[in-house]
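Trainee: Mind folding the following:
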Amino acid sequence: MLWAVVLAGGVGSRFWPVSTPSRPKQLLPLAGDLPLIRQTVDRVLPIVDAHRIRILTGERIARPILDVLPMLAADHLFVEPRARGTAPVLAWAAHEIARREPDAVMASLHADHVIAPDAAFRDLLVTMAAASVRHERLFTIGAVPTRPETGYGYIRPGEPLDGGEAREVAAFVEKPPPDVAAAYVRDGYLWNTGIFVWPVRLFLEELKRHTPEIAEHLPLLDRGEIAAYFDAVPPLSVDQGLLERSRRVAVMPSTFQWDDVGAWDAMARTRPTDEQGNVTFGAAHLVDAEGCIVWADDGAIAVFGAKDLVVVRTAGVTFVAPRDRSADLKKLIEKLPRSLVNPEEG
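Mentor: Just a heads-up that it's a prediction; the model follows:
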């Protein structure tokens, strides 16, 4: 009775100008020939029946999502009336799944993660599903760090649950500065992937116990008043709203490579590079260039004698920045005209 829900409501602004509110990064082929969300769904289909997959998203991109997921129907989408964060929408999904299958186990995935190999990921999900029932725990996957990353949250593992790989979560910690991140890696901390597995019954019980700001509005879902529920609940992440409050949270270390593809610089980790460390998409021509990321889906781009640049041409917009500034792209977007940030709105 394993279900999969896919969080697909984000904008992916750090991939501007290719990613916009009307065409966010989960709809883009940032790690292969298929959109990230299609890769996410294809990854779990061998262990989750298509009728047990739900996509959590917003009205703006509901139709484009269905276009790239032909194996799903419109009723496989849970369309949020308004964005309220992961705690309210996962509570809604768990509530709906529990109505259909009270003993179901739910895997919460992100539409924009890059994972390899897929088989190892599936094996771990199955293992975690069984462990979540056996130990009565809300499970999360902790990725084994490959570098001191300041853009990720971390998990400090606690005591082993049964002598195996599963551990209690001792603490969730926020994104650290560089020296603290290096210490976390040395001390065996794990990256917080935001990938969760839990029995829906246990998740809803823990919400009622620890997250009253969500739980008190669940009767609205019983009555089918979805819009009223999203009007009533506050914006809240499931990490802050529940996992950091509950004592029934466990972590399993990853057995696969994981990347959340957070900014343009991630392309060097998710797509092939040439001998000079360049990554290209589309009609990109590089001469005497090193460590550049070049995306061309609107005409051609020629780069000469450059190093460590991001160069993008799409929909009549050209963007150029140093690679090491790609994670700061929101600072630029805040200062740009709205019509440039989201051309679809004119």
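Trainee: contacts and neighbour counts: CA atoms only from here.
Mentor: Will do.
Trainee: which other helices and strands contact the longest helix along the chain?
Mentor: Scanning the chain for the helix with the most residues, using DSSP state H, yields helix 118-135. Packed against helix 118-135 by the contact rule (3 or more C-alpha pairs under 8 Å, 6 or more residues apart in numbering; DSSP states H and E) you find helix 36-44, strand 105-110, strand 138-143, strand 190-199.
Trainee: Could you count how many residues lie near the residue found closest to Leu109 once you drop the neighbours it is linked to in the chain?
Mentor: Closest residue to Leu109 apart from its sequence neighbours, by C-alpha to C-alpha, 6 or more residues apart in numbering: Val6 at 4.8 Å. Neighbour count for Val6, taken as other C-alpha atoms under 10 Å: 23.
Trainee: Could you do Pro235 as well?
Mentor: 17.
Trainee: ok, now Asp222?
Mentor: Using other C-alpha under 10 Å, the number of residues around Asp222 comes to 12.
Trainee: just Asp239 next, same as before
Mentor: Asp239, neighbours per other C-alpha under 10 Å, totals 15.
Trainee: if I pick it, what's in contact with it?
Mentor: By C-alpha atoms under 8 Å, 6 or more residues apart in numbering, the contact list for Asp239 reads Ala87.
Trainee: Can you give me the separation between it and Arg60?
Mentor: Between Asp239 and Arg60 the distance is 26 Å, computed by C-alpha to C-alpha, to the nearest Å.
Trainee: Equivalent analysis for Gly10, please.
Mentor: Taken as C-alpha to C-alpha, the span from Gly10 to Arg60 is 11 Å.
Trainee: of the two, who's got more company?
Mentor: Here Gly10 and Arg60 are compared on neighbour count by other C-alpha under 10 Å; more neighbours surround Gly10, at 18 against 13.
Trainee: three-state assignment of the more buried one?
Mentor: Under the three-state scheme (DSSP: H, G, I helix; E, B strand; the rest coil), Gly10 adopts coil.
Trainee: still on that earlier bit, state the distance from the residue nearest to Leu109 to Leu36.
Mentor: 11 Å.
Trainee: List the residues that are in contact with both of the two.
Mentor: Counting by C-alpha under 8 Å, 6+ apart, the residues touching both Val6 and Leu36 are Ala111.
Trainee: what comes up buried for the longest strand seen in the chain?
Mentor: Once the chain is assigned using DSSP state E, the strand that runs over the most residues is strand 293-304. Using 16 or more other C-alpha atoms under 10 Å as the test for burial, strand 293-304 gives 293-297, 301, 303.
Trainee: And the contacts of that strand?
Mentor: Under C-alpha under 8 Å, 6+ apart, the answer for strand 293-304 is 264-265, 267-268, 278-289, 308-316, 323.
Trainee: The same query, at a cut-off of 7 Å, please.
Mentor: The contact list for strand 293-304, computed with C-alpha atoms under 7 Å, 6 or more residues apart in numbering, reads 278-289, 309-316.
Trainee: Domain map for this protein?
Mentor: Here the domain parsing of the chain from automatic domain parsing is 2-259, 264-345.
Trainee: quick one: average pLDDT of the shortest one?
Mentor: Throughout domain 264-345, pLDDT has a mean value of 92.
Trainee: Tell me the gap between it and the middle of its chain.
Mentor: Computed by C-alpha atoms, centre = their mean, to the nearest Å, the chain-centroid distance of domain 264-345 equals 22 Å.
Trainee: What of the first one?
Mentor: Once both centres are worked out by C-alpha atoms, centre = their mean, domain 2-259 turns out to sit 7 Å from its chain's centre.
Trainee: what about it, start to end distance?
Mentor: Termini of domain 2-259 sit 24 Å apart (C-alpha to C-alpha).
Trainee: same thing with stretch 75-92?
Mentor: Note: stretch 75-92 ends 14 Å apart using C-alpha to C-alpha.
Trainee: residues of it that come out buried?
Mentor: For stretch 75-92, burial by neighbour count (16+ other C-alpha under 10 Å) applies to 76-80, 83-92.
Trainee: Mind checking which of those land in strands?
Mentor: Using DSSP E, the buried residues of stretch 75-92 in strands are 77-80.
Trainee: among the buried residues of strand 293-304, which two are most distant?
Mentor: Spatial extent of these (C-alpha to C-alpha) is set by the pair Asp297 and Val303 at 15.1 Å.
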